[in-house]
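Undergrad: Mind looking at a prediction? Sequence and model below.
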Amino acid sequence: MTVPLGALLFEMLGMLLVILVASELFTNALEHLGDRLGISEGVTSSLFAAVGTALPETMVPLLALAGGGAGLAVNQEIGAGAILGAPLMLSTLSTFLVACAVLPQRGLRGRLQPERSGLQRDLDFFLAAFAIATLALFVPQDDRTLRAGLALALAVVYFVYLLLTLRASQGLVAEGHATSAEGRLWLARLGLPMRMYTLLLQLGAALALLLFGAKGFIAGVQDVSRALGVSALLIALLLVPIATELPEKVNSILWVRRGKDTLALGNITGALVFQGALLPAIGILFTPWQARAEVLAGMLITLLAAGWLRVLARSGGLPIGSLMLNGALYLTYLAVTLVQA
């Protein structure tokens, strides 16, 4: 039985509502957790929030690659596309949407003001890791030793990043960049005691809702794309990453509209490091990881967008008008991909 397109779109909107509610619960719980632990906004956003909300897009390539069977080649394409699409969305579309979220209040000449050292560290590690992943495109498939070495190097890059981010936390707290919570915990507003277990309960429930909503939204995107006759590769490169990046987008928009620029940008750049280091390591080991035109174009545009953010990070904040370029880079890749499809 064919489900009407209208019903599929309605189901997608329902899943989007679940993601929005879950993101509000998640950001509220994380702010209280960071406040209670006395850690910096950089650790809260770049590690806790980034890794937590990266679960949906992490699961897509892993499930695709674990599929096996007769459709192994298609699964590998979906896995590689999802791995590469996530950093592309974060560096271009997500950054653009965060800037647009405060455009009415701050204007094109306004700035986003995240803590500078953490932002620069995130972008430096991402650019290093993603450059390695890009070079791996040109390593022959039968050279398993070199491929394994590059995958290991990516894992080491992320491990060093974790150590440096945690080490910097204490100094940033002393400088006034501690995580602070605004308002009461949502579960506490419902009458539960304000205890650590209540906080963890809300955090766990929010993550579960994020996973449920993202999984449902991804399924909806796939159903709609099939109804419209869109190819699986196009889904992997464009549609699935848009859906799976929703938690990061919504979390960052909620934070930036509250004036918490460090949390908003750290959520994006921390996810960039995670998805630009560990996930490509999986792709290098378990997919063909070849320099196809659409893949190479996506990786180069991602590096260009992240490099542009790194240039902007040298000044006193990120100019909102300059971040419009990141949106233009996403449109450029969209046009290139659609032409090739």
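TA: Now that the structure is in, tell me what you want to look at. Numbering: from 1, shown residues only.
Undergrad: What count of nearby residues applies to Thr269?
TA: Neighbour count for Thr269, taken as other Cβ atoms under 10 Å: 31. All C-beta atoms are positioned from the backbone trio N, CA, C, and that covers glycine.
Undergrad: For it, which residues are in contact?
TA: 46, 50, 90, 119, 122-123, 126, 309 (Cβ atoms under 8 Å, 6 or more residues apart in numbering).
Undergrad: could I get those as CSV with secondary structure and neighbour count?
TA: Output for those, formatted as CSV (DSSP: H, G, I helix; E, B strand; the rest coil; neighbours: other Cβ atoms under 10 Å):
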residue, secondary structure, neighbour count
Ser46, helix, 31
Ala50, helix, 24
Leu90, helix, 32
Leu119, helix, 26
Asp122, helix, 31
Leu123, helix, 23
Phe126, helix, 31
Leu309, helix, 27
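Undergrad: Of those, which is the nearest to Gly6?
TA: Nearest to Gly6 among these is Leu90, at 31.2 Å by Cβ to Cβ.
Undergrad: So Pro288: helix, strand or coil?
TA: Under the three-state scheme (DSSP: H, G, I helix; E, B strand; the rest coil), Pro288 adopts coil.
Undergrad: That one is in contact with Pro140, isn't it?
TA: No - at 10.4 Å, Pro288 does not count as touching Pro140 under the criterion of Cβ atoms under 8 Å.
Undergrad: higher neighbour count, those two?
TA: Taking other Cβ under 10 Å, Pro288 and Pro140 do not tie; Pro288 has more neighbours (14 against 9).
Undergrad: pLDDT score assigned to the more buried one?
TA: The model reports Pro288 with a pLDDT of 79.
Undergrad: so how far is Gln170 from it?
TA: Look at Pro288 and Gln170: by Cβ to Cβ, to the nearest Å, they are 44 Å apart.
Undergrad: Which residue, other than its chain neighbours, is closest to Gln120?
TA: Ala313 (5.2 Å; Cβ to Cβ, 6 or more residues apart in numbering).
Undergrad: List the buried residues in the helix or strand that contains Ala128.
TA: Ala128 belongs to helix 116-135 when assigned by DSSP states H and E. By neighbour count on 16 or more other Cβ atoms under 10 Å, the buried set for helix 116-135 is 118-130, 132-134.
Undergrad: ok, of the residues you listed, which one's closest to Gly110?
TA: For these, the nearest to Gly110 is Leu119 (16.9 Å; Cβ to Cβ).
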